[in-house]
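[1] Mind looking at a prediction? Sequence and model below.
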Amino acid sequence: MSKIYVIHENSEWVKPLAEEFNKRNLPFEEWFLNEGHFDLEQAPPDGVFYNRMSASSHTRGNRYAPEYTSCVLNWLQMHGRQVFNPTRALYLEINKIAQYAALNAFGIAVPRTIAVSGREEIIEAARLFDKPFITKHNRAGKGLGVRKFETHAALETYVKSDQFEESVDGIMLLQDYIQAPSTHITRCEFIGGKFLYAVRVDTSDGFLLCPADACQIEDMFCPVGTTPAKAKFEVIEGFSNPIITKYEAFLAANDIHISGIEFIQDEQGQIFTYDVNTNTNYNPDAERIAGVSGMGAIAEFLGSKL
């Protein structure tokens with residue numbers, strides 16, 4: 001029997017989607033790809049395949065899950081299986097420089113970014129910034145490696161310290177700090193390559209912005225969970241912006257079917273896009289208040305493809 005196959009390495013993030021499949025009586029199976037084996041010449045099972053592999057897999061002990069998933073996706077595509085978020089999407093998920101290059105091709109502005117390999121090179125590259133800047137990992141997820149620096153000396157002290165957090169792929173990014181008029185960023189959700197809704201995210205507690213309930217378990221500083229007096233995640237009613245058209249064109253050209261794209265606006269109102277997340281999660285409190293369901297929309301979309 002044909003079914004939906006969900007490729008991932010984090011069962012907690014799949015639970016809300018599984019609930020939506022069950023509500024609709026949709027047959028599905030999880031492929032937990034932290035390890036495994038397959039014969040390239042043997043045909044995969046029939047069905048629809050949805051890739052949810054995460055760039056942050058190494059933080060859960062699944063260091064090579066994305067690399068193995070890349071092999072599996074190539075096998076599926078070789079045999080003509082229908083894959084959502086296929087090899088190109090995975091490539092962009094684990095390589096932010098590749099993301100920025102792809103966004104730039106569609107006239108989508110990204111913050112000034114310098115890619116660096118090597119600790120001494122990081123210190124040298126930082127001298128090219130004459131205003132506050134941030135570091136982040138090229139292969140990240142969950143805001144890994146994001147730190148703000150006001151001075152070159154502060155960056156050098158950090159890089160030479162035991163607290164320095166190296167990117168799993170060895171590539172650190174230095175990036176202009178975008179001074180925004182508020183402590184919010186905007187995250188736009190897309191399913192089937194089409195805009196679903198936008199969320200206002202409060203960044204005043206830091207950059208660990210995973211919206212899933214499961215992040216309460218994995219990151220004690222992840223701003224989710226029970227709704228505080230001021231919600232960290234809030235669905236924006238009636239959101240409309242010309243950037244959405246550019247995002248949809250970008251997604252279509254890069255075989256990204258399901259994703260969340262985050263941007264920030266500076267004091268002049270210019271939009272800078274800084275993250276494309278192809279393993280998107282949703283905040284249940286914000287969705288409950290707004291009466292929407294990202295996982296429900298994914299289940300509907302994948303079910304329509306069976």
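    Right, received. Where do you want to start? Numbering: from 1, shown residues only.

[2] the strands in the protein, which residues?
    Applying DSSP state E to the chain gives strands spanning 3-8, 28-32, 47-51, 82-84, 113-117, 133-137, 147-149, 171-176, 184-191, 194-202, 233-235, 258-265, 271-277.

[3] Including mean pLDDT, mean neighbour count and distance to G294, could the ones you listed go into TSV?
    (Each C-beta comes from the backbone N, C-alpha and C, glycine too.) Formatted as TSV, those follow (pLDDT from 0 to 100; neighbours: other Cβ atoms under 10 Å; distance: least, Cβ to Cβ, whole Å):
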stretch	mean pLDDT	mean neighbour count	distance to G294
strand 3-8	98	22	15
strand 28-32	98	16	17
strand 47-51	98	23	13
strand 82-84	98	21	14
strand 113-117	98	16	28
strand 133-137	96	22	25
strand 147-149	95	16	29
strand 171-176	97	21	28
strand 184-191	97	21	6
strand 194-202	97	20	7
strand 233-235	97	21	10
strand 258-265	97	22	9
strand 271-277	97	22	12
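
[4] possible to save these as TSV with distance to V72?
    Below are the strands of the chain laid out as TSV (distance: least, Cβ to Cβ, whole Å):
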stretch	distance to V72
strand 3-8	7
strand 28-32	8
strand 47-51	9
strand 82-84	10
strand 113-117	28
strand 133-137	24
strand 147-149	34
strand 171-176	24
strand 184-191	23
strand 194-202	27
strand 233-235	32
strand 258-265	18
strand 271-277	20
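
[5] Relative to A18, which of those strands is closest?
    Closest approach to A18 among the strands of the chain (Cβ to Cβ): strand 28-32, 7.0 Å.

[6] Can you show me the helices along the stretch 101-250 of the chain?
    For the stretch 101-250 of the chain, the helices defined by DSSP state H, counting those that start in this stretch cover 119-126, 152-159, 215-218, 243-253.

[7] Now do the first one: which elements does it pack against?
    This points to helix 119-126. strand 113-117, helix 152-159, strand 171-176 (3 or more Cβ pairs under 8 Å, 6 or more residues apart in numbering; DSSP states H and E).

[8] Parallel or antiparallel, list what pairs with the shortest one.
    Strand partners for strand 113-117, identified by DSSP bridges, are recorded as strand 171-176 (antiparallel).

[9] The partner strand vs strand 133-137, what angle?
    Using axes from the mean of the first three to the mean of the last three Cα atoms, to 10 degrees, the inter-axis angle of strand 171-176 relative to strand 133-137 is 150 degrees.

[10] Out of the strands of the chain, which gets nearest to L306?
    Closest approach to L306 among these (Cβ to Cβ): strand 47-51, 5.7 Å.

[11] For that closest one, which strands pair with it and how are they oriented?
    Next to strand 47-51 in the sheet, as set by DSSP bridges, lie strand 3-8 (parallel), strand 82-84 (parallel).

[12] just the CA coordinates of the first one, formatted as CSV?
    This file holds the C-alpha atoms of strand 3-8, laid out as CSV (Å, rounded to 0.1, in the frame of the first residue of the first chain):
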residue,chain,number,x,y,z
LYS,A,3,1.9,5.7,2.2
ILE,A,4,3.6,8.9,3.4
TYR,A,5,7.2,8.4,4.5
VAL,A,6,8.6,11.0,6.9
ILE,A,7,12.4,11.2,6.8
HIS,A,8,13.9,12.7,10.0
